[in-house]
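Participant: let's see this in three dimensions:
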Amino acid sequence: MTVSIWLSLFMVCLLGAMSPGPSLAMVAKHSLAGGRSNGLATAWAHAFGIGIYAFITIIGLAVVLKQSPMLFKTISLAGAAYLFYLGYNALRSKGGVAAKLESGQSVSVAQSAKEGFMISLLSPKIALFFIALFSQFVAVGHSWESKSVIVLTPFIVDGLWYTLITLFLSSPRVLERIRRRAVVIDRMSGLVLILLALRVMLTV
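Facilitator: Okay, here's the model as predicted:
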């Protein structure tokens, strides 16, 4: 794999990580509710899910998904249902930012990691991203070294990006400002998650 091809892969992965969506909402939620360690656990568990998608694409499962519309539709609907569930809980402030901040509940690192991992695996947006864009790089990855680079690049880029998000949100000064607006953040994130879920349900 040439440097120019890798740079193209890097930019695609970075833009994918930077695009706002349920993944950002999930990392922000656990960074605010549990602190820096929870945010980092969410970030890297999410990145691990991204790495799994990259690996699946490498071994050709993305082609199977494209050739099996019913299977892809099932995965998309499962992801939409999960997004709706997260949004519903946020609107009711159960498991959301407001509930955790006001009640002083602690969120386990394991729970944060679990939710970060699940949001990456069940997000139709990420599945579409890898099928539509990432698969174009598979053709240039003939050697195991190239395949390893293709898998590790999105994993590392995603993990580092959300690490930066976590470090920013876990700053005491920023946290105090957000704490005063916790209920509003819950309502807004819940609404966004539900709208994303409905959009997926209407388009699959």
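
Participant: okay, and the helix or strand of this structure with the least pLDDT?
Facilitator: Among the helices and strands of the chain, helix 97-103 carries the lowest confidence by mean pLDDT, DSSP states H and E, at a mean of 55.

Participant: the strand or helix carrying S146 packs against which elements?
Facilitator: Secondary structure assigned from DSSP states H and E places S146 in helix 144-169. Under the contact criterion of 3 or more Cβ pairs under 8 Å, 6 or more residues apart in numbering; DSSP states H and E, helix 144-169 touches helix 3-18, helix 22-34, helix 36-58, helix 172-179. Yep, even glycine has a C-beta here, placed from its N, CA and C like the rest.

Participant: center of the protein - which residue?
Facilitator: Ranked by distance to the mean C-alpha position of the chain (Cα atoms, centre = their mean), the top residue is S23 at 3.2 Å.

Participant: check that one and give its pLDDT.
Facilitator: Per-residue pLDDT puts S23 at 83.

Participant: now G60
Facilitator: Reported pLDDT for G60: 69.

Participant: which one of the helices and strands packed on helix 144-169 has the lowest average pLDDT?
Facilitator: helix 172-179 (a mean of 67).

Participant: rewinding a little: the inter-axis angle of the next helix or strand after the least confident helix or strand of the chain versus helix 144-169?
Facilitator: Next along the chain after helix 97-103, taking DSSP H and E as the criterion, comes helix 109-121. Put simply, helix 109-121 runs at 120 degrees to helix 144-169, going by axes from the mean of the first three to the mean of the last three Cα atoms, to 10 degrees.

Participant: so which bits of helix 109-121 are buried?
Facilitator: Neighbour counts over helix 109-121 (16 or more other Cβ atoms under 10 Å) mark V109, Q111, S112, A113, E115, G116, F117, M118, I119, S120, L121 as buried.

Participant: could I get those as JSON lines with distance to L7?
Facilitator: Formatted as JSON lines, the buried residues of helix 109-121 follow (distance: Cβ to Cβ, whole Å):
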{"residue": "V109", "distance to L7": "34"}
{"residue": "Q111", "distance to L7": "37"}
{"residue": "S112", "distance to L7": "32"}
{"residue": "A113", "distance to L7": "31"}
{"residue": "E115", "distance to L7": "32"}
{"residue": "G116", "distance to L7": "27"}
{"residue": "F117", "distance to L7": "28"}
{"residue": "M118", "distance to L7": "31"}
{"residue": "I119", "distance to L7": "28"}
{"residue": "S120", "distance to L7": "24"}
{"residue": "L121", "distance to L7": "28"}
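
Participant: dump those to a markdown table, plus distance to L9 and pLDDT.
Facilitator: Formatted as a markdown table, the buried residues of helix 109-121 follow (distance: Cβ to Cβ, whole Å; pLDDT from 0 to 100):
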| residue | distance to L9 | pLDDT |
| --- | --- | --- |
| V109 | 31 | 89 |
| Q111 | 32 | 88 |
| S112 | 29 | 89 |
| A113 | 26 | 92 |
| E115 | 28 | 88 |
| G116 | 23 | 90 |
| F117 | 23 | 92 |
| M118 | 26 | 89 |
| I119 | 23 | 87 |
| S120 | 18 | 86 |
| L121 | 21 | 82 |
